[in-house]
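Visitor: sequence below, structure please.
(4 chains)
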Number of protein chains: 2
Amino acid sequence: MAEEWSFPSVLERMWGREPTTRRGPRPRLDLPTITAAAIEIADAEGIGGVSMASVASRVGVATTALYRYIDSKEDLLTAMADAVAPLPPDPEGMHWRDYLALWTRAQRDILLQHSWLLAISANVPPMGPRRLLWLDRALAALEGTGLDEGERVNVASSLTGFALTDASLIHNVLGDSQLDKAGLKGASDYGEALAAVLDPADYPALSAAVGAGVFSGVVGWVDDGDFLFGLNLLLDGVEQLIARRRAGT
Amino acid sequence: MAEEWSFPSVLERMWGREPTTRRGPRPRLDLPTITAAAIEIADAEGIGGVSMASVASRVGVATTALYRYIDSKEDLLTAMADAVAPLPPDPEGMHWRDYLALWTRAQRDILLQHSWLLAISANVPPMGPRRLLWLDRALAALEGTGLDEGERVNVASSLTGFALTDASLIHNVLGDSQLDKAGLKGASDYGEALAAVLDPADYPALSAAVGAGVFSGVVGWVDDGDFLFGLNLLLDGVEQLIARRRAGT
DNA sequence: GGCATACTGTGTATCGCGTTCATAGTTTCA
DNA sequence: TGAAACTATGAACGCGATACACAGTATGCC
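Guide: Numbers count the residues shown, from 1 in each chain, chains lettered A, B, ... in the order given. Purely as a prediction, here's the structure:
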């Protein structure tokens, strides 16, 4: 029944529950210090620069010392993903739609500022204190809308997913290295590249879009308008659902 | 101007443009053979089982022989991601909403059947023949709705993103290994785990949702209804936009 | 027909990274 | 004071991606 749970040690530490031990030397590190160092490296050099060795050397210990605090590198990444998130904005007094728009944009911006997150997300269900706080605030904003608990969670999930999608799109098209890696020198080349490769007979609709210049130039392709476009698609859907619930269906 | 483009060699091969050379021994392999082998391994053992060595041994050549066909492992992954996609369904004669629902679900199912895709996506803008064909069909289905080319692309992107989000969610909660790795034995434990860790004072709305049983049990948490929920959120938004365009705004 | 050429597959080698293990040192409790 | 519990370390292992030089093989030109 109410047995004592055994979380993975990283999770315990993420929630501040350091092991309650008294013997032995004082630990020289703690999880926040380690994740902070790892995040700094990832921000500066990308996720590729994050190795056990690089993190350890940055905090001034031997490589293997890190294993006293985390069980594996993947655990480190999990901890990083939670720790980068700042505190969510306060929904107090805001209309749900305004807050969720703000909330979603903020999430997207976090992903863009720390684009290495894109390579990590799609990992574990969120279990860290920060990410759960974000979820909590979204649910709070939806109180009083007539949606039930499950629906609120679904709305929040959809918006989080959208933020991730949008950030991923922007990163891939404007991104630092990806496009060079694909042999494209800039975003505007994406349209050209498509045109060079598509046979209008096999790809009629897509060719038309390319011909219309949809993919040409950074501005026409991904800009803030596109974010709002998708966001409002979702929020319109939510609004309609709320109206339906209010109408008693 | 119309210069000869130099794509990365993998892209050339993905589009069937093998180098037009005649000298030397006949290549024993081709890109489709390699990607097929890699996909089989990934399906069977997960993405972790895919190494240059394992793929090479499966097709019966030395490890380094693969580098005659691809420049790097990442290129192999790119090719795999395009090659797993089957041909998209035909929108001929279908209402745009029905088709897009089908189209999105099919994409999600692909991601679930080859869940290693989740670890790869968020990579490069789609440049392969299969993925572009999917995009083309979605755009075709939106012809005659009054949306302009850019809007159609945005709709398709949003739906693709949603499919990815939903698949990712399902995979993480019901997934094969992830949950064990997180120390949770099954999906129903997610709710329990949250309850064990949350302080209702700090996470009031989320605690309420947990208390309502939203996260308890597989059925209540992610099922087909949730997919339809998010999908219809988006499609309702699209429908509203189309109506607005028709009304002349 | 023969020879240079361009191309193919292989074996060897290197480098970096994650992780394990035995060890030496350090602090607290009995 | 001594034992127990815990810490950080260095060396070592295994694996995986990739570079390189080499040997073999088919084509095109003379």
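Visitor: please report the number of neighbouring residues for A:Thr145.
Guide: A total of 19 residues lie near A:Thr145 under the criterion other Cβ atoms under 10 Å in any protein chain shown. Bear in mind the C-beta positions are built from the backbone N, C-alpha and C, glycine included.
Visitor: and what of A:Ser216?
Guide: There are 19 residues near A:Ser216, going by other Cβ under 10 Å.
Visitor: for chain A, which helix is longest?
Guide: In chain A, assigned by DSSP state H, the helix with the most residues is helix A:149-174.
Visitor: how close does A:Trp134 get to DNA strand D?
Guide: Going from A:Trp134 to DNA strand D by Cβ to the nearest atom of the strand, to the nearest Å gives 31 Å.
Visitor: so what's the residue count around that residue?
Guide: For A:Trp134, using other Cβ under 10 Å, the count is 22.
Visitor: need the contact list for it.
Guide: Neighbouring residues of A:Trp134 by Cβ atoms under 8 Å, 6 or more residues apart in numbering or on different chains: A:Ala85, A:Pro88, A:Trp103, A:Gln107.
Visitor: can you pull out the strands in chain A?
Guide: Assigned strands in chain A: none (criterion: DSSP state E).
Visitor: need the residues of it near DNA strand C, please.
Guide: Contact residues, chain A versus DNA strand C (Cβ under 7 Å from any atom of the strand): A:22-26, A:50-54, A:63-64, A:67, A:72-74.
Visitor: most neighbours out of the residues you listed, which is it?
Guide: Counting neighbours by other Cβ under 10 Å, A:Val50 comes out on top of the residues of chain A next to DNA strand C with 23 neighbours.
Visitor: so what's A:Leu11 closest to, chain neighbours aside?
Guide: A:Met127 (5.9 Å; Cβ to Cβ, 6 or more residues apart in numbering or on different chains).
Visitor: CSV for the contacts of A:Trp134, including distance to chain B and pLDDT?
Guide: Listed next are these as CSV, based on distance: Cβ to the nearest Cβ, whole Å; pLDDT from 0 to 100:
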residue, distance to chain B, pLDDT
A:Ala85, 14, 97
A:Pro88, 11, 98
A:Trp103, 13, 98
A:Gln107, 13, 97
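Visitor: looking at the residues you listed, which is nearest DNA strand C?
Guide: A:Ala85 (22.3 Å; Cβ to the nearest atom of the strand).
Visitor: my read: the closest one touches A:Pro129, true?
Guide: No - look at A:Ala85 against A:Pro129 with Cβ atoms under 8 Å: they stay out of range, at 9.3 Å.
Visitor: what sits up against stretch A:60-70?
Guide: Contacts of stretch A:60-70 (Cβ under 8 Å, 6+ apart): A:9-10, A:13, A:27-31, A:34, A:52-53, A:55-57, A:76, A:79.
Visitor: with stretch A:82-101 instead?
Guide: For stretch A:82-101, with Cβ under 8 Å, 6+ apart as the criterion, the contacting residues are A:14, A:32, A:35-36, A:39, A:102-103, A:106, A:110, A:114, A:117, A:126-131, A:133-134, A:136-138, A:140-142, A:144-145, A:155, A:159, A:231, A:235, A:238-239.
Visitor: repeat that for stretch A:137-153.
Guide: Contacts for stretch A:137-153 (Cβ under 8 Å, 6+ apart): A:88-91, A:94, A:96, A:99-100, A:103, A:135, A:155-156, A:159, A:241-242, A:245-246, B:204-206, B:208-209, B:212, B:214-215, B:220, B:229.
Visitor: show me which of those are buried.
Guide: Buried subset of the contacts of stretch A:137-153 (neighbour count, 16 or more other Cβ atoms under 10 Å in any protein chain shown): A:88, A:91, A:96, A:99-100, A:103, A:135, A:155-156, A:159, A:241-242, B:204-206, B:208-209, B:212, B:214-215, B:220, B:229.
Visitor: next step: these restricted to helices.
Guide: A:96, A:99-100, A:103, A:135, A:155-156, A:159, A:241-242, B:204-206, B:208-209, B:220, B:229.
Visitor: buried residues, stretch A:75-86. List them.
Guide: Going by neighbour count (16+ other Cβ under 10 Å), the buried part of stretch A:75-86 is A:Asp75, A:Leu76, A:Leu77, A:Thr78, A:Ala79, A:Met80, A:Ala81, A:Asp82, A:Ala83, A:Val84, A:Ala85.
Visitor: list the contacts for whichever residue of chain A sits closest to DNA strand D?
Guide: Here the residue of chain A nearest DNA strand D is A:Gly24; by Cβ to the nearest atom of the strand that distance is 2.8 Å. Listed by Cβ under 8 Å, 6+ apart, the contact set of A:Gly24 is empty.
Visitor: what about the helices in chain A?
Guide: A:9-14, A:31-45, A:52-59, A:73-83, A:96-113, A:129-141, A:149-174, A:178-181, A:188-197, A:204-211, A:218-221, A:224-246.
Visitor: excluding its backbone neighbours, what's nearest the most centrally placed residue in chain A?
Guide: Central residue of chain A (Cα atoms, centre = their mean): A:Leu111, 4.8 Å from the mean position. What sits nearest to A:Leu111 in space, not counting adjacent residues and going by Cβ to Cβ, 6+ apart, is A:Ala167, at 3.6 Å.
Visitor: scan the helices and strands of chain A for the one with the lowest mean pLDDT.
Guide: helix A:178-181 (a mean of 44; mean pLDDT, DSSP states H and E).
Visitor: low-confidence ranges, chain A, go.
Guide: A:1-8, A:122-124, A:173-189, A:217-223, A:249 (pLDDT under 70).
Visitor: give me that answer again for 90
Guide: A:1-12, A:16-27, A:119-127, A:165-166, A:168-194, A:196, A:213-226, A:247-249 (pLDDT under 90).
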